[in-house]
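*Asks:* Sequence unavailable; structure follows:
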């Protein structure tokens, strides 16, 4: 059995990181050795969901069948997979830290026998470690790029008097475009006082 692991920081919230790891359809965006995805079934990140990935290792195409064996959004994701003559167990733990997330990854695996027994065995192991590092560099960059728009805050509205009814509608009900026109959509009307003793 072989083992690879890494721990790294990401300037993105745990939910963003988990979402990328848990969605197999997005794996080709950051996993360097995946050439394509096969069948995907179940809810992304849900225990029991499964997927097929096609990997390129030492010039050979390997088909891996994975099933999610443990998941707790957004802190834990584990998938176990098999190939013809090999297997892998991939565990990711995500912890919220100030400014983002700390991610710990453990990959235990056994390569197919024909790769272990070939002259490329040692080179394959080194190549896997390099690709493992590159894969998680890609994940960090992708997660941070997706988190960046959320960090941008709109400038505060200008201070001062509200000029018209449309301005009131925009400020008071930004998330309710279908609200009736008589609820918070008209500028307040202030009547001048009526002098006493008239009439």
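*Replies:* Sure, I can see it. Note that this is a predicted model, so its numbers are computed, not measured.
*Asks:* make it CA atoms for all contacts and neighbour counts henceforth
*Replies:* Fine.
*Asks:* State the number of residues packed around residue 138.
*Replies:* 16 (other C-alpha atoms under 10 Å).
*Asks:* swap that for residue 149, sorry
*Replies:* Around residue 149 there are 9 residues (other C-alpha under 10 Å).
*Asks:* tell me what the helix of greatest length in the chain is packed against?
*Replies:* Ranked by residue count and defined by DSSP state H, the top helix of the chain is helix 121-151. Contacts defined by 3 or more C-alpha pairs under 8 Å, 6 or more residues apart in numbering; DSSP states H and E place helix 121-151 against strand 2-10, helix 14-22.
*Asks:* and these, which is most packed in?
*Replies:* Highest mean neighbour count of the helices and strands packed on helix 121-151: helix 14-22, a mean of 21 (counted as mean count of other C-alpha atoms under 10 Å).
*Asks:* related to what we said a few turns ago, how about the longest helix of the chain, which residues are buried there?
*Replies:* By neighbour count on 16 or more other C-alpha atoms under 10 Å, the buried set for helix 121-151 is 121, 124-125, 128, 131-136, 138-140, 142-144, 147.
*Asks:* Surely residue 103 forms part of a strand?
*Replies:* Yes: using DSSP: H, G, I helix; E, B strand; the rest coil, the assignment for residue 103 is a strand.
*Asks:* gap between it and residue 94?
*Replies:* Going from residue 103 to residue 94 by C-alpha to C-alpha, to the nearest Å gives 5 Å.
*Asks:* before we move on, back to that, report the angle between the axes of the longest helix of the chain and helix 14-22?
*Replies:* Interaxial angle of helix 121-151 relative to helix 14-22 (axes from the mean of the first three to the mean of the last three C-alpha atoms, to 10 degrees): 140 degrees.
*Asks:* what pLDDT, on average, does helix 121-151 get?
*Replies:* Averaged across helix 121-151, pLDDT comes to 86.
*Asks:* between it and strand 2-10, what angle do the directions make?
*Replies:* Using the same axes, to 10 degrees: helix 121-151 against strand 2-10 is 20 degrees.
*Asks:* domains in the protein, as residue ranges please.
*Replies:* Here the domain parsing of the chain from automatic domain parsing is 2-151, 157-187.
*Asks:* Would you point to the one among these that's packed deepest?
*Replies:* Most buried of these, by mean neighbour count (mean count of other C-alpha under 10 Å): domain 2-151, with a mean of 17.
*Asks:* low-confidence ranges in the chain?
*Replies:* 113-125, 150-199 (pLDDT under 70).
*Asks:* if we go to 90?
*Replies:* For the chain, the stretches with pLDDT under 90 are 1-2, 56-62, 83-86, 99, 109-129, 148-199.
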